[in-house]
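Visitor: Compute the structure for the input listed below.
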Amino acid sequence: MPVIVVTGTGTEIGKTVVTAAVAALARAQGRSVAVLKPAQTGVGQSEAGDVDEVRRLAGDVTGVELARFPEALAPATAARRAGLEPVRPRQVAEAARKLAGEYDLVLVEGAGGLLVRFDDDGATLADVAGELGAPVLVVTPAGLGTLNMTALTAEALRARQLEQLGVVVGSWPGEPDLAARCNLADLPDAAGAPLLGVVPQGAGSLAPADFRDRATGWLAPRLGGTWDATVFTATAFGPSVR
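Guide: Sure, this is the predicted structure:
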């Protein structure tokens, strides 16, 4: 998998931290990594963006940002309001292919969900994945409502004949409620893809060295870690939930 597209079922659900964890594990295996952010929104020109956060947490990772728009809106809307050219899927795919020729792993992190628009023609991150023929890793919340959002994202991927690599919970609470615990068992069915990890809430606030050390316990072997879905789910359930 030289290129993985990372999307979410919404915004502010831990997508950047999951991207950083995947990058950190690949680096720990000795692989070279580049992170590509097609469109960064809601950040000023002198402020740190998602790519900067991934590099801070994961370490020796190359970061590339194709466009930056100041307002925290969908990329198409933010570009239009700023009077700037939007990002096009072909442009993103070309940048990812170029990086894939230089690095062992390229992570393409989208903005918000799979079908958030990049331009006024309706192009989305799904079009980028289609251009690249790359698998899509879906980051989702832990709690109530996540099964519906995950199923809708999975349905959109299937409709476009895109491969879903799996699902990662982007922010697992310290004290998960009943819905969150039950969702661990139900998410693979909703997604039609395996649960590949659970990243704890607040992981992004860890010191970078701690983040890298702990990341292996958050993600499954397919993403370079040691996390086991069966063991974690059984532990989270406990005797009173079944």
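
Visitor: Please, where are all the strands along this structure?
Guide: Using DSSP state E, the strands of the chain run over 3-8, 33-37, 40-41, 62-65, 68-69, 105-113, 136-140, 164-172, 195-200.

Visitor: CSV for those, including mean pLDDT?
Guide: Formatted as CSV, the strands of the chain follow (pLDDT from 0 to 100):
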stretch, mean pLDDT
strand 3-8, 98
strand 33-37, 98
strand 40-41, 96
strand 62-65, 96
strand 68-69, 96
strand 105-113, 95
strand 136-140, 98
strand 164-172, 97
strand 195-200, 98
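
Visitor: okay if I get these as a markdown table plus distance to residue 155 and mean neighbour count?
Guide: To be clear about C-beta, it is placed using only N, CA and C from the backbone, and glycine gets the same treatment. Output for the strands of the chain, formatted as a markdown table (distance: least, CB to CB, whole Å; neighbours: other CB atoms under 10 Å):
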| stretch | distance to residue 155 | mean neighbour count |
| --- | --- | --- |
| strand 3-8 | 14 | 25 |
| strand 33-37 | 26 | 25 |
| strand 40-41 | 26 | 23 |
| strand 62-65 | 30 | 17 |
| strand 68-69 | 29 | 21 |
| strand 105-113 | 13 | 26 |
| strand 136-140 | 12 | 28 |
| strand 164-172 | 10 | 25 |
| strand 195-200 | 18 | 24 |
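
Visitor: Now tabulate these in JSON lines and tack on distance to residue 89.
Guide: Formatted as JSON lines, the strands of the chain follow (distance: least, CB to CB, whole Å):
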{"stretch": "strand 3-8", "distance to residue 89": "11"}
{"stretch": "strand 33-37", "distance to residue 89": "13"}
{"stretch": "strand 40-41", "distance to residue 89": "17"}
{"stretch": "strand 62-65", "distance to residue 89": "16"}
{"stretch": "strand 68-69", "distance to residue 89": "17"}
{"stretch": "strand 105-113", "distance to residue 89": "11"}
{"stretch": "strand 136-140", "distance to residue 89": "14"}
{"stretch": "strand 164-172", "distance to residue 89": "18"}
{"stretch": "strand 195-200", "distance to residue 89": "25"}
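
Visitor: where in this protein is pLDDT low?
Guide: 1, 238-242 (pLDDT under 70).

Visitor: Go again with 50.
Guide: 239-242 (pLDDT under 50).

Visitor: how about the helices of it, start to end?
Guide: For the chain, applying DSSP state H gives helices covering 15-28, 50-58, 75-82, 89-100, 125-132, 146-159, 178-191, 208-215, 229-241.

Visitor: now the angle between strand 33-37 and the first one, please.
Guide: Compare the direction of helix 15-28 with that of strand 33-37 by axes from the mean of the first three to the mean of the last three CA atoms, to 10 degrees and you get 160 degrees.

Visitor: Then the second one?
Guide: Using the same axes, to 10 degrees, the interaxial angle of helix 50-58 with respect to strand 33-37 works out to 150 degrees.

Visitor: Tell me how many other residues crowd residue 185.
Guide: 16 (other CB atoms under 10 Å).

Visitor: actually residue 176, sorry about that
Guide: 18.

Visitor: so who does the residue nearest to residue 146 when sequence neighbours are not counted touch?
Guide: Excluding its sequence neighbours, the residue lying closest to residue 146 (CB to CB, 6 or more residues apart in numbering) is residue 140, at 5.0 Å. By CB atoms under 8 Å, 6 or more residues apart in numbering, the contact set of residue 140 is 8, 9, 13, 146, 149, 150, 153, 167, 168, 169, 170, 187.
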